[in-house]
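K.L.:
Whatever this is, show me its structure:
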Amino acid sequence: MSEGAREEVEPLEYLVTMTTHVPDGTSEADVHAVRAREAARSRQLAMQGHLLRLWRPPLQPGEWRTLGLFTADGDSELEEVLASMPLRVWRTDEVTPLSPHPNDPHPSDRPGTPAPGPGESEFLTTFSPAVRDEAAPGTVDADRGQADRAHELARQGCLERLWTLPGQAGTLGLWWAPDAAGMDGIVASLPLPSGTSVQTIPLTPHPSDPALARG
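P.N.:
Numbers count the residues shown, from 1 in each chain. Just a heads-up that it's a prediction; the model follows:
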């Protein structure tokens, strides 16, 4: 590398849980106006590369929550991005920084992320491991088995992304499956270490999801 040259650094990825509480007495017209501005800003952030995906998790009556996959050069830039969104005046954000997972499908295996079509659904899974003993017999073989199965599922179009969660929290996965039973079958096929707990969140499309624009 020549003197003064700078190595390019990949943007960081973040999963953001956005919870909106509209103040009592707010008119429907004001809500509609803010949501329209939010949709427009989401399109701008997607074009800038900061907003990758938007989903709606299961909601209770009266809840207003969105999950977003964002990129930024760091926490400060992410905060600037989130603060620029019109709904932030009524919203609280819970940010989870994501790190690359060694079994994350290579970009060539996922040349684009389309929106779910008829009969297709997306799911987020959180794998929380029990205490891991690196010296335990079979640990290396188990890791190799997980990598092989992840690559197989990616080739089948079931696995979109894998990330490592902060600390010892485990792994976050983004998947395609026809339904909840299909997702359960995928999880059952994984060579997970004994004691691993799995939380699965079914996702529904968000009208401002950038994947909808990509078709």
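K.L.:
Least confident secondary structure element in this structure?
P.N.:
Least confident helix or strand, the chain: helix 139-155 with a mean of 77, by mean pLDDT, DSSP states H and E.
K.L.:
In the following helix or strand past that one, which residues are buried?
P.N.:
Moving toward the C-terminus from helix 139-155, the next helix or strand (DSSP states H and E) is strand 159-164. Buried residues in strand 159-164, counted by 16 or more other C-beta atoms under 10 Å: 159-164. Where you see a C-beta, it was placed from the backbone N, CA and C, and this is true even at glycine.
K.L.:
between the residues you listed, which is closest to residue 203?
P.N.:
residue 160 (11.0 Å; C-beta to C-beta).
K.L.:
so how far is residue 64 from that closest one?
P.N.:
Separation of residue 160 from residue 64 (C-beta to C-beta, to the nearest Å) stands at 25 Å.
K.L.:
what do you get for residue 38?
P.N.:
Counting by C-beta to C-beta, the gap from residue 38 to residue 64 is 12 Å.
K.L.:
more neighbours, those two?
P.N.:
residue 38 (18 against 14; other C-beta atoms under 10 Å).
K.L.:
And the longest helix anywhere in the chain, how far out from the chain middle?
P.N.:
Assignment by DSSP state H gives helix 28-48 as the longest helix of the chain. Distance of helix 28-48 from its chain centroid, counting by C-alpha atoms, centre = their mean, to the nearest Å, is 21 Å.
K.L.:
in it, what's buried?
P.N.:
34-35, 38, 41-42, 45-46.
K.L.:
packing partners for that helix?
P.N.:
Here helix 28-48 touches strand 51-56, helix 210-214, going by 3 or more C-beta pairs under 8 Å, 6 or more residues apart in numbering; DSSP states H and E.
K.L.:
name the helices or strands packed onto the last one?
P.N.:
Here helix 210-214 touches helix 28-48, strand 51-56, going by 3+ C-beta pairs under 8 Å, 6+ apart.
K.L.:
Correct me if wrong: residue 189 contacts residue 149.
P.N.:
Yes: counting by C-beta atoms under 8 Å, residue 189 does reach residue 149; the two are 6.8 Å apart.
K.L.:
Looking at those two, which is more packed in?
P.N.:
Of the pair residue 189 and residue 149, residue 149 is the one with more neighbours under other C-beta under 10 Å, namely 17 against 12.
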